[in-house]
Structure formats: structure tokens, C-alpha cells
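J.: Output the structure for:
(2 chains)
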Amino acid sequence: MSAPGFDVERIRKDFPVLGRELPGGRSLVYLDSGNSSQKPAQVVEAMRDHLTWHYGNVGRALHVLGSESTEAYEGARDKIAAFVQAPSRDEIVFTKNASEALNLVAYAFGNPVGEDERFRIGPGDEIVISEMEHHSNIVPWQLLAQRTGATLRWFPVTDEGRLDVGGLEELVNERTKIVSITHQSNVLGTVNSVSPILARVREVGALMMLDASQSVPHQPVDVTELGVDFVAFTGHKMVGPSGIGVLWGRRELLDAMPPFLGGGEMIEAVWMDHSTYAPVPHKFEAGTPPIVEAIGLGAAADYLTAVGMDQIKAHEKELVAYALEALPEVPGLRIIGPHTPIARGGTISFTLEGIHPHDVGQILDDVYGIAVRVGHHCARPLHLRFGIPATTRASFYLYNTTAEIDALVRGLHHVQKVFG
Amino acid sequence: MIGESMYQELILEHYKHPQGRGLRDPYDAEVHHVNPTCGDEVTLRVKVADGGKVLDVSYDGQGCSISQAAASVLHELATGSTVEESLSVVDEFTRLMQGRGQVEPDEDVLGDAVAFAGVAKFPARVKCALLAWMAYKDALMRSQG
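T.: Residues are numbered from 1 along each chain as shown, chains lettered A, B, ... in the order given. Take a look at the predicted model:
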């Protein structure tokens, strides 16, 4: 039934925690990868090996360890560049997470240090996001609007949980400076179609950014093919460690942007009253970076590539199709988001009539060892849009099985017995 | 079945049949408290007589079974008692909730609220149990102020 060559049982063996027994003899059913994914032994080993045998500071130490660390850190940049098909390795900026990558771009706007017209913004200018964004793609733009007097606008979301682009022509106009939307919703699972929006963005001469935190881990992403200007994603959701994120940006734009954080290694020369800056990507990597985390992320990219991103996408599509059939069997269950496995990823959020998600999550965890996320998933405006305070979210990854979805459905029936 | 010990029959009973729910007039003070991590919220009113007797605790809100049942139990315990008595119950309840499951609850003081003892073992849920109780303390202070 699975994609040819894809052996989920073999993959599960790479993730020792999946075989762990929880207190009370429960086995773990991990359905919270949209929150953070588990790590394969290969990633852990790459990080352990580096810390044990090769560790030194990068870019500035001349000794053997410094060279080995620099080589491994810059090697990770090559791996990530290849993973997202970046035209140049210099277009990969390591950040601490996707939030920092989004903030880096937001702070490039309206910054007097920068001179490029495309990043000038003020009263009368507009920033466009959407109602389905994670807080990390809302708050940096709210702050930018507050700093500069620009206006924040957004695409609405339809009842089916799709982006409503009906008002595209008016919403994205000659006053728009940047459009920043999610590639895949962390709540709805919706995968947004980029090209129609991008076409309009190009027409009006604005820039476009994608929050790809939920897409890069789950489907092949080719930044050149996407054609946008900036893409942000994070390591810990793609079987890599936390503490490392990525900003991809067009070289020419990164060159034109002012630095974000000032500090060591981001400079070319420093005088007491001014400085000149290192070329990209180092211009944006002030201070000692998360060295071992970057190396771990490189190992994660290797791991995912070896399994095959197409295979992973196909496997998750199977899981989500199965879950979309199985979950509605539970009485009172309402899926928030697309009900078909088309243009949607393996994240399913739902409500159970009359039962608060916290109670759902607690029973699933305590009785069945099923880890889901409950709450607003850092997307409060989206929950307000649907008139609900919170949802329960199951999110799948390459190591999940249909048996785990069966366990979820059994667990939900039990939740209803307790609270019904 | 660790979690089910948290969902005592009494808690589920209060959740399914909340006591004193709904905002009522007259009142001396009204407060609105939220739990930003889960979106639970409660609006709570108190009416206190001149002699310090709590005439009514009325509330409305949304949230999980723990937060809603805790509001219901609070209503039962506080209404009809004195401000001073009810504050000592709030203090004992807070001590129990913040005790990480290590505190032996004083049943004489807590009454039905002792059913929440199991919640103290779940740090993520303690705030749910305390939401209405902290709102009550706040409302009393405002009504006295």
C-alpha cells in the first residue's frame, strides 16, 4: 500500500524513542510532529561525533579543530542549499529558528541603515499576510507596521480552510511592499497555491516571503521553482535539532538589506565610529552560531534525502487520506480544515462537541500514550475566525502508521465515554 | 490510567452540571481573567453584604472540565460564607494546587474542592484549576477597595 521502497517499520527503527515505554506501560503514539519532530539516531550521532572529536569555533580559529568545525558548519550550509535547491549556498542564512528568519526580513524594512527602495516603508504602504498564519508570521509584521506607520492587511480564510484569494487584486496593490504567507498551515494542513499570488505580487512590484516551516519537512521544496523572494523554515520540525532555523533569500536582496544583529563575524572591518560588513550569508550571522545544531540539521537533510522527500510526501498523503476517512466516525467530531487529501498536508485539527481540547489531550496521553497538541497552536486569529477557542491537532510524519491513527480513533471514543 | 485519577467523579459532575453559572445582578465587582496558554477564560462577579457575608459569586466562561468545575465548586463554597472564611479556602486551595502533588489537603477547609488534589500532579493543568479562584480573589479585593 505504501510508496514503493518506503518501509515505515525500518524508518521507525531509526527513531528509538518510538519504541519507548511510557510510565504505566503505555507505548508511545507520537502524533505531534507539526509541533516538533523526533530525531533519528543518525542526526544524534552526527552531533555527538562532532562535539566529541571535532568541536571548535567556526570561521575564526586557525587550528585543526577550528578548521574541522568550520568545514562541517559550512558543509551543512551546502547540504541545506541542495535540499531546497537554492541557486547559491550564500543564500542560506542560519538563524536560531523560523521566527528569527521572519523577523530578520521584517527588520530589513523601514531601517534607516538600508538604502534600497524596495525596503523603504512608511505611512500609506501596506504589508499583506493571511488569517491562517502562525503568530511568528503575524507579530513581526504588526511590529513593523507599528514602527513605520504602514498598514497591515490580510487574506481571509474560507469555511473549508482555504486561503480566500477572491480579493487578491485589491488586497495586493501598488501600495503593497511585501506579502508574507504560510506555505502550509500548521493548523488546517492547507497547502497554499503560491503562483497566483506571486503573479500579482510581481505585477505590483512587491516582495513575497513564505513561511515554509510546515512544508519543507514534508514535501520537496524547490525555492527556485517557487519563485518567491524569501523562505523561512526551522530545523526541529524536519528531524533536526532545535536552535537552528534557515532563511533563504535571493542573493541580490540579501545584499541590499541592512544587517540584522551586530556582532562578531558579521563584519568586514570595524572602526570606533562605524563598520563595514561581511558578505552574505555571514552579514546576518552575528556571534558564534549554533554550530552543532547546524551540523545536526545537515545530517537531517541527508537523512530525509536518503529516504526521499517524494516518498515522505506520498506516505503522509496516505496517512491523511486514511485519517480523513476514519476520524469522522467519531460522533461530534468536526474537522477544521480541508476534508479532502488534496493540496493539504498531514496535519488534522478538530473539535469534539462539548469537550474541551485540553480534556481530550489529557485522556489521550494518560490512557493511550497518544501525544497530540491541544490549544490554539500559536494561531489564535485563525481560531477566532472559526469561532472556537482551541482545537486538538494530530500531525503525522514519515514514521507514523495507520495503526496509530486507529489508536487515535479508539482513544477519542474513550474520551467521549468519560465526558459524554 | 494516571489521568483518570485527575478526573474525579465530583469534577465531572460539576462540569456536566455547573452550579451557579451565569452572570447576575447586583454585584460589587466584576473581573475577567484569561489563561493565555490555552485560551480558557472566566468573567466573575461578587456581591458582598455590609457585614462581610458573600451573597453571590456568579460567573461565565469557557474552558476545560477542570477550569469549569473549579468555578462551580468555588461558587458553592464561597456563596454564603464570609469574605474571611472564603479567602482562607482560596489560600488552602492555592497551596494544594501549587504543591506538585506533595501537599496533604485539609479536607475540613476545602470540602468538595479536595477532589482537585489529583490536578496538582499535572503542572500544565494547575492554572486551569486556579483560574476562577484567582479571579474570585481579585474580584473580592476590588469590591473591598
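
J.: host element of A:Tyr73?
T.: Using DSSP states H and E, A:Tyr73 sits within helix A:64-83.

J.: correction: A:Ile129
T.: Using DSSP H and E, A:Ile129 sits in strand A:126-130.

J.: Can you give me the neighbour number for B:Gly111?
T.: By other C-beta atoms under 10 Å in any protein chain shown, 12 other residues sit near B:Gly111. C-beta: built from backbone N, CA, C; applies to glycine.

J.: That one: what's it in contact with?
T.: Shown in contact with B:Gly111 (C-beta atoms under 8 Å, 6 or more residues apart in numbering or on different chains): B:Leu77, B:Val89.

J.: Check B:Val103 too.
T.: Counted by C-beta under 8 Å, 6+ apart, B:Val103 has contacts B:Arg95, B:Leu96, B:Ala120.

J.: Would you check how far apart it and B:Ala124 are?
T.: B:Val103 sits 18 Å away from B:Ala124, going by C-beta to C-beta, to the nearest Å.

J.: again, but for A:Leu18
T.: 23 Å.

J.: Neighbour count for these two, which is higher?
T.: With neighbours defined as other C-beta under 10 Å, A:Leu18 and B:Ala124 compare such that A:Leu18 has more, 18 against 13.

J.: Let's verify the residue nearest to B:Ala70 when sequence neighbours are not counted: helix, strand, or coil?
T.: Distances taken as C-beta to C-beta, 6 or more residues apart in numbering or on different chains put B:Ala129 closest to B:Ala70, at 4.7 Å, once the chain neighbours are dropped. Following DSSP: H, G, I helix; E, B strand; the rest coil, B:Ala129 is assigned to helix.

J.: so B:Ala129 touches B:Ala117, yeah?
T.: No - B:Ala129 lies out of contact with B:Ala117 (C-beta atoms under 8 Å); the separation is 10.1 Å.

J.: Comparing those two, which shows the higher neighbour count?
T.: Between B:Ala129 and B:Ala117, B:Ala129 has the larger neighbour count (other C-beta under 10 Å), namely 27 against 20.

J.: Pull the contacting residues for that one.
T.: For B:Ala129, the contact set (C-beta under 8 Å, 6+ apart) comprises B:Ile66, B:Ser67, B:Ala70, B:Met97, B:Phe116, B:Val119.

J.: Can you lay out those as TSV showing pLDDT, secondary structure and neighbour count?
T.: Shown next, in TSV, are these (pLDDT from 0 to 100; DSSP: H, G, I helix; E, B strand; the rest coil; neighbours: other C-beta atoms under 10 Å in any protein chain shown):
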residue	pLDDT	secondary structure	neighbour count
B:Ile66	93	helix	29
B:Ser67	93	helix	25
B:Ala70	95	helix	28
B:Met97	93	helix	25
B:Phe116	93	helix	27
B:Val119	91	helix	25
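
J.: returning to that earlier point: tell me which strands the next helix or strand after the helix holding A:Tyr73 pairs with, and in which orientation.
T.: Counting by DSSP H and E, the next helix or strand C-terminal to helix A:64-83 is strand A:92-95. Under the criterion DSSP bridges, strand A:92-95 sits next to strand A:245-249 (antiparallel) in its sheet.

J.: thinking again about what came up before, out of the contacts of B:Val103, which is nearest to chain A?
T.: B:Ala120 (14.2 Å; C-beta to the nearest C-beta).

J.: Now do the contacts for the closest one.
T.: Counting by C-beta under 8 Å, 6+ apart, the residues that B:Ala120 touches are B:Leu96, B:Met97, B:Gln98, B:Gly99, B:Arg100, B:Gly101, B:Val103, B:Val126.

J.: Enumerate every residue touching the spatially closest residue to the third one that is not a sequence neighbour.
T.: By that I understand B:Gln98. The shortest distance from B:Gln98 to any non-neighbouring residue, by C-beta to C-beta, 6+ apart, is to B:Val126 (6.8 Å). Neighbour list for B:Val126: B:Met97, B:Gln98, B:Val119, B:Ala120 [criterion: C-beta under 8 Å, 6+ apart].

J.: do the same with B:Val90
T.: Neighbouring residues of B:Val90 by C-beta under 8 Å, 6+ apart: B:Trp133, B:Tyr136, B:Lys137.

J.: so the residue nearest to B:Gln98 is in which element?
T.: Here B:Val126, judged by DSSP H and E, is contained in helix B:123-144.

J.: Helices of chain B, start to end?
T.: With DSSP state H as the criterion, chain B has helices at B:9-16, B:65-78, B:83-97, B:107-110, B:123-144.
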